[in-house]
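> coords please:
(2 chains)
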2 protein chains.
Amino acid sequence: MSLEETFGKLAIDGGDGAIAVKSLVFKPKTPKGQTPVPVVVVALQTTGTPSGVIASVSGTKDPRLARDELFQSHFKIGNAKEFHLGHLAQAEGEFKLLLDDKLVALEDDAILQLNEEKFVSKGGLVKDYLKSFDPVEVDFSQVIEAKPKEAAKPKSKSKEKDASAAALEDAKLIGITVDKALDFSGWYQQILTKGEMLDYYDVSGCYILRPASYAIWEQIQRWFDDKIKGLGVQNAYFPMFVSSRVLEKEKDHIEGFAPEVAWVTKAGSSELDEPIAIRPTSETVMYPYYAKWVQSYRDLPIKLNQWNSVVRWEFKHPQPFLRTREFLWQEGHTAHLTKEEAEEEVMQILDFYAGVYEELLAVPVVKGRKTEKEKFAGGDFTTTCEGYIPQTGRGIQGATSHHLGQNFSKMFNISVENPLGSEHPKIYAYQNSWGLSTRVIGVMVMIHSDNKGLVIPPRVSQFQSVIVPVGITAKTSDEQRAKIHESAKDVESRLRKAGIRVFGDYNDNYTPGWKFAQYELKGIPLRIEMGPKDLEKQQVTCVRRNDGKKVVVSLDELEKRIPEVLEELQQDLFNRAKELFDSHRVIVDEWKGFVPALNKKNVILAPWCGVEECEEDIKASSAKKDDGEEFEVDDKSPSMGAKSLCIPFQQPPLKSGQKCVKCDREAKQYCMFGRSY
Amino acid sequence: MSLEETFGKLAIDGGDGAIAVKSLVFKPKTPKGQTPVPVVVVALQTTGTPSGVIASVSGTKDPRLARDELFQSHFKIGNAKEFHLGHLAQAEGEFKLLLDDKLVALEDDAILQLNEEKFVSKGGLVKDYLKSFDPVEVDFSQVIEAKPKEAAKPKSKSKEKDASAAALEDAKLIGITVDKALDFSGWYQQILTKGEMLDYYDVSGCYILRPASYAIWEQIQRWFDDKIKGLGVQNAYFPMFVSSRVLEKEKDHIEGFAPEVAWVTKAGSSELDEPIAIRPTSETVMYPYYAKWVQSYRDLPIKLNQWNSVVRWEFKHPQPFLRTREFLWQEGHTAHLTKEEAEEEVMQILDFYAGVYEELLAVPVVKGRKTEKEKFAGGDFTTTCEGYIPQTGRGIQGATSHHLGQNFSKMFNISVENPLGSEHPKIYAYQNSWGLSTRVIGVMVMIHSDNKGLVIPPRVSQFQSVIVPVGITAKTSDEQRAKIHESAKDVESRLRKAGIRVFGDYNDNYTPGWKFAQYELKGIPLRIEMGPKDLEKQQVTCVRRNDGKKVVVSLDELEKRIPEVLEELQQDLFNRAKELFDSHRVIVDEWKGFVPALNKKNVILAPWCGVEECEEDIKASSAKKDDGEEFEVDDKSPSMGAKSLCIPFQQPPLKSGQKCVKCDREAKQYCMFGRSY
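As a prediction, this is how the structure comes out:
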């Protein structure tokens, strides 16, 4: 029977209001010389299929979306796009099939739309067809519930039951099932979704920020907004749409963004006369109006900021918070009469950015300047704060503050008469732009969280503390029980009045142990327990989320001590992260030490000549050769070379006559290199 | 010479980096029987060309973008799209030509791109060509400056110099030049742009919210956000993109939005496999995830809110704040276990919305319920608060709070097991959605502002007060001058400490009179003057923006009295607006009184049967016949019929046996009808 016949048997007419079904093929990490066994996932379009779950259920390591070569070798088709379920019937060699339990639960006469509207079929037909491939039924959502559904356990007929090296031995299904140390990316996905920070969305590369993460963003907004308003910055809102003409005005600038710009070409059923871009950033959106508004040097400085979202349609592997097609950020755009004033502001803003990381998120950063190669396209120079992710040993750009010089002001004619008089040349404004995005939340999660779930610093967490009555057993009298609850509620209300973001969980349907696990998963910084002994001693027992340490606080001292305990916790988080960063930032003066240090998950401070070709040489020479595996180089692959992260402002002393780490030129300064996000 | 030849002479090769030039044709309001004289505007693409400026400079009334018929009659071409500058050479009959002075200022060898890339030419050639049509050179920006540029005065060769009936007699060019009473829409445009609230943008229907308006939005956000958080609502962020499948899931709902949805079809240079919509609202974006997150009745209620922007690509005449293609709003989406709980929330939210209008913006509203015809598509019922614009006599929808019933929860399967036990039927959630947009700012401006400029209620204005030293003349001693400045600065710092949003203007280059005009234009609620007499008497003289009334406040009482004065002003603004609304909301029981009352700029409370056909009949019967003028019915045209605005909660007593105002059926209740925005 031909492919078309096989599949044709499934096809039916109709399809209005049909349920979309996706079929995805993953290739797991496979030792050299072995043939990979692909994992085929068939799921409702709306079901997120995190790689952690796929790995765990299929007993494979690190499954990634397969490339065309695998489709050619296994399914005898040219590329991924051609793939449909019919091809399963004539696969060459083994594969594993994971079937979404939500799909299994559909009625037999549900109408399904398969493979992006190419085929329409009925639930029963599809399920019957897939049965022949011995599918494993999977609950991809693994929603946290009191009692995990039966369906959540994979009914695996495969021999490798949860054989993944990364699966946590003692993990319960409701908690994190992947080890941070062994499968960092699977762990990251789980922690975000199970911790209810974020959810996957049915438009690829876009994510839902749930209240737990949005509240962190609101804390950051409030802090940073106050700081910049103190500098005289005002908030405004510019449209999200840009005409192509305006977008493309500054050539260097647009070159950096062009491949990622999303274009609106249609409204309702009408084609637009000209496609309109969605802003990837707002320099060219705003500056024509700066030119209009700035008519005299008295109109300077102009300092505007926007809290908005921008769209960069990246085709690389998306990652929650770190690389998303739409993201929230603030973008500040200022224009000044003098270079000095502009440069001073660039540094003030960079300090605020470092403050967001270090003071709010407890994440240490290194401040410095980007190389010419890595700076913002179209600007004069870029300052940055750079973070470090210990598990992957990679640097991560935190936030950047750019001095644009007069480049944009000349393009857009943002100019004023010279205050010294019209006989002097007119002055083009000196401009800055600076942005900080929701990426900060991802960095924070990667650094502090653990195998029990999220760990969130108290200064930014939506809730700082949860109060849980404990020690209530079958023997506890009603009176005693009421007293414990009453005292717990009293603690809650006192703390709330003291400005602590707190809530109590007085639900009798769940055990304290179950509650503990929940709030550990969600990263509530401090658990406050109130039990019979606490009541007796007029105290509460606090447990710190980060390290499980207990702190007993007398009820008399509640309003004084709890804020202190939270602050100590905040400080400890920062100190621990700083130790890790400091101990993995190593000075390497000679090339022979460079790659070995890199492979030990360090970032490197190396003497450097400052020449761009040399920078490229360092990257190429520190990359391992492609080993033929089908991984994105992007995601923790050791094949990635070291980029320059920044030229730190704080420099180790440079020996006189010191050579560049890579070439024969004299070193100009130390530069921080590392594999990076 | 043929058209093509005429124009061909202008064409040159090249065009990379060319400057875009637009040519627009307007038709002014013209008495019946007279032939309209079109106004042709040739301007840089980036130059905003407000109709107020066009009217004033061309001496015409109410110029609107011409329709195809005018192009056929005047330029012998089929439609507006075909029009280019070459057609000027063979126009039938007169036209006026307005030429952007920014275009005139271009170098002769500047490369211009005319008519959407159809032609490229040089600055000199185009200018020479246009000279033959006796153009009027215009500064469309009319930026507020100390000394208006010479160029700002139209070098009009036309005989009708500023003959517009709407032009203000004593208006200076830096101030408002259009009378609110005579040309409301021209006035509205001027007041927003000259008051620096908003600027026009080069993508039609999109506007820039400048700090003065964004700050008002921030005040509203803070107030409303606190209120809803008090109800347990949490903020979140969902992606701006929606797949067509999800968008179209609820049929009634999407029918309402489909013609206005903007579609992204391209990213970088790649076509997307499937077009992706930009959210026009987020019901269908969010509810699939509500279905996923709500697994047990304990997960209810779920109450999320977003502060975001949405896109509705309207093809009707756009209007700042009131009808824009992108706008900022909040959208709340909640799901409840019971109908009662959901309905209670709908009303709480409506009260908050009324609070935003009445308590913050000093704008009175009438609360009520929308008719079936006017309710939110896909929901059960819509509650609304409705405002009133005295100058046009039109009602305006303020904000709406919808009860969606179980309609969406059934579509998206947001359901839980019955808390009474699994033998009882499962329960679909009862849902609400509610939204308030930046439209509120437009309503506020229309109601309070006047011919001197903006009037902004102190509770929401970016700055509540400006301090201006006065009475300093050439004779004033340096010492005296220093003392006045010092005292003024002291007043500023005391008020700031007292929580007043205040700034001082100590610039010696401008006269107090000039400053007064500036801050009146910008709508600063209270001007505080400090002069020699004030200093002597240890007082300040305050001038209220709304009515010019003076209030003397002793320095001793500064912190106590100034907040009181601001509150009195706020209250007076509300009272005045309420009187106007109350006196223009009239009860009409019989049809013969309906249209006359409407034509007296009233909204009408009429007994009504509640039948949709009757509602349509009322609209049709109250519309004047189309008089052949080429106006959008949308903008203050008297030809518009009366819509039902709402069924007010507060009902006049209904006489027993009262008939419907329009038909023979019995009246069920009073309904508020009016022409509307």
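> where does the residue of chain A positioned farthest from its centre land in three-state SS?
Distance from the C-alpha centroid of chain A peaks at A:Glu423, with 53.4 Å (Cα atoms, centre = their mean). Secondary structure, DSSP: H, G, I helix; E, B strand; the rest coil: A:Glu423 is coil.
> just checking, next helix/strand downstream of the worst-scoring helix or strand of chain A on mean pLDDT?
Here the helix or strand of chain A ranked lowest by mean pLDDT, DSSP states H and E is helix A:3-8, holding a mean of 53. Of the helices and strands lying after helix A:3-8 in sequence (DSSP states H and E), the nearest is strand A:19-27.
> Contacts (any at all) between chain B and that following strand?
Yes: applying Cβ under 8 Å from any Cβ of the partner chain, one finds strand A:19-27 touching chain B at A:Ala20. Where C-beta positions appear, they are placed from N, C-alpha and C, glycine not excepted.
> Show me what the following helix or strand past that strand is packed against.
Next in sequence after strand A:19-27, counting helices and strands by DSSP H and E, comes strand A:39-44. Judged by 3 or more Cβ pairs under 8 Å, 6 or more residues apart in numbering or on different chains; DSSP states H and E, the packing partners of strand A:39-44 are strand A:19-27, helix A:51-58, strand A:96-100, helix A:101-104.
> right, so the ones you listed: which one is the most enclosed?
Sort the helices and strands packed on strand A:39-44 by mean neighbour count, taking mean count of other Cβ atoms under 10 Å in any protein chain shown, and helix A:51-58 sits at the top with a mean of 26.
> Mind telling me which residue of the stretch 351-500 of chain A is nearest chain B?
Across the stretch 351-500 of chain A, the shortest distance to chain B (Cβ to the nearest Cβ) belongs to A:Gln462, at 8.0 Å.
> Against B:Ile524, how distant is that residue?
38 Å (Cβ to Cβ, to the nearest Å).
> Which is the succeeding secondary structure element to the longest helix along chain A?
When chain A is parsed with DSSP state H, its longest helix is helix A:558-583. Using DSSP H and E, the helix or strand that follows helix A:558-583 towards the C-terminus is strand A:585-587.
> List the buried residues of that next one.
Using 16 or more other Cβ atoms under 10 Å in any protein chain shown as the test for burial, strand A:585-587 gives A:Arg585.
> A:Gln462 and B:Ile524: which is more packed in?
Just comparing A:Gln462 and B:Ile524: by other Cβ atoms under 10 Å in any protein chain shown the higher neighbour count belongs to B:Ile524, 26 against 22.
> so the more buried one sits right up against B:Pro457, yeah?
No: look at B:Ile524 against B:Pro457 with Cβ atoms under 8 Å: they stay out of range, at 11.7 Å.
> Output the below-cut-off pLDDT ranges for chain A.
A:1-17, A:115-119, A:142-174, A:625-639 (pLDDT under 70).
> re the thing from before, who are the contact partners of the residue of the stretch 351-500 of chain A closest to chain B?
The contact partners of A:Gln462, by Cβ atoms under 8 Å, 6 or more residues apart in numbering or on different chains, come to A:211-212, A:215-216, A:501.
> of those, list those near chain B.
Restricting the contacts of A:Gln462 to those near chain B - Cβ under 8 Å from any Cβ - leaves A:211, A:215.
> By neighbours, which of the contacts of A:Gln462 wins?
Going by other Cβ under 10 Å, A:Ile216 tops the contacts of A:Gln462 with 25 neighbours.
> Nearest residue to that one in space, please, no chain neighbours.
A:Val460 (4.6 Å; Cβ to Cβ, 6 or more residues apart in numbering or on different chains).
> How many residues are close by that neighbour?
Neighbour tally, A:Val460, other Cβ under 10 Å: 24.
> again with A:Leu114
Neighbour tally, A:Leu114, other Cβ under 10 Å: 24.
> I'd like to know how far the residue nearest to A:Ile216 sits from A:Trp217.
Computed as Cβ to Cβ, the A:Val460 to A:Trp217 distance reads 9 Å.
> which residues in the stretch 551-677 of chain A form helices?
Taking DSSP state H, counting those that start in this stretch, the helices of the stretch 551-677 of chain A run over residues A:558-583, A:594-599, A:612-622.
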